[in-house]
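Enquirer: fold the following, please.
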Amino acid sequence: MGHSQEMTSFFHACDTMAAYPGTDKHLMLPILFRLLYGSGLRVTEACQLRFSDVDFVRDTLLIRESKGGNDRLVPVSPSLRDGLQRWRAHLQTRHPVPMWFFETRNGQPPSRHWIYRQFRQCLQRAGIPHAGRGAGPRVHDMRHSFCVRTLKHLVDEGLDVYTALPILAAYVGHASPAATEGYVRLTADLYPEIITAVVQVTGATIPEVTDGQTD
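Expert: Sure thing, here's the model as predicted:
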């Protein structure tokens, strides 16, 4: 998932979700899904984001003990910041100092499985077909889309692919650039000129995607 028309339809489905009594999901989900798409966070990282770890002065998120056990700072764009601020203002009408940034009305963060269910429902409302469990589109495809778009942007800015990989790896919380190499193939599939760029710089072929490389 990542085609611009599909994403437009998906976010329209999120934004026009009806209010449900006893829940704020019609307000939470549009910004939570935009955060996944616009920052490349893992679903669990977004769900476990603490209220105190969203810094609106520096426009950063502190992601605690991500995969591999390391903390990292993730910058957010002005449009994402504005959406996060709107959600924060609503959340604080219920609880002045909540623990979790995406805190539900029971005082807990949303679960990963609940997010998956809501994602499927938004796909259905958007008229985007789902091929079944494991076949997608998947919530995790938003992270994939972010990585592909970012890698393409870095190459367009003049970096060679293997200089760009450590930058992307640090941003998305991969343990090493090797874990990010799978995105070179995904990017090349969408943007064939990347293949030429890699061969010219390294004389090497583009690595195949293997299990675990695009987490």
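Enquirer: packing partners of the strand or helix carrying A13?
Expert: Take DSSP states H and E as the rule and A13 turns out to sit in helix 4-15. Of the remaining helices and strands, those touching helix 4-15 by 3 or more Cβ pairs under 8 Å, 6 or more residues apart in numbering; DSSP states H and E are helix 25-39, helix 112-126. In short, each C-beta sits where N, CA and C put it, glycine included.
Enquirer: can I get the ones you listed in TSV including mean neighbour count, distance to H174 and mean pLDDT?
Expert: Listed next are these as TSV, based on neighbours: other Cβ atoms under 10 Å; distance: least, Cβ to Cβ, whole Å; pLDDT from 0 to 100:
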stretch	mean neighbour count	distance to H174	mean pLDDT
helix 25-39	21	14	96
helix 112-126	16	19	94
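Enquirer: how many neighbours does the closest residue to S39 other than its chain neighbours have?
Expert: For S39, the nearest residue in space outside its immediate sequence neighbours is V74; the separation is 5.6 Å by Cβ to Cβ, 6 or more residues apart in numbering. Under the neighbour criterion other Cβ atoms under 10 Å, V74 is assigned a count of 20.
Enquirer: my guess is V74 contacts L84, does it?
Expert: No. No contact is recorded between V74 and L84 when judged using Cβ atoms under 8 Å, the distance being 11.8 Å.
Enquirer: re earlier: what angle do the helix holding A13 and helix 25-39 make?
Expert: On the basis of axes from the mean of the first three to the mean of the last three Cα atoms, to 10 degrees, helix 4-15 is oriented at 150 degrees to helix 25-39.
Enquirer: so what's the gap between helix 4-15 and the chain middle?
Expert: 15 Å (Cα atoms, centre = their mean, to the nearest Å).
Enquirer: and it, what's buried?
Expert: For helix 4-15, burial by neighbour count (16 or more other Cβ atoms under 10 Å) applies to 6-7, 9-11, 13-14.
Enquirer: of these, closest to R112?
Expert: Comparing the buried residues of helix 4-15 against R112 with Cβ to Cβ places C14 closest, at 17.7 Å.
Enquirer: who are the contact partners of the residue lying closest to the closest one once chain neighbours are set aside?
Expert: In space, not counting the residues next to it along the chain, C14 is nearest to P30; the distance is 4.3 Å by Cβ to Cβ, 6+ apart. Applying Cβ atoms under 8 Å, 6 or more residues apart in numbering to P30 gives the contacts 11, 14-15, 17, 83.
Enquirer: G69: what secondary structure?
Expert: Remark: G69 carries the secondary structure label coil [criterion: DSSP: H, G, I helix; E, B strand; the rest coil].
Enquirer: so where's this structure shaky on pLDDT?
Expert: With pLDDT under 70 as the threshold, the chain has low-confidence stretches at 1-3, 68, 132, 134-135, 178-179, 182-214.
Enquirer: now do the strands in it.
Expert: Along the chain, the stretches classed as strands by DSSP state E are 54-55, 60-63, 72-75.
Enquirer: done for today, thanks.
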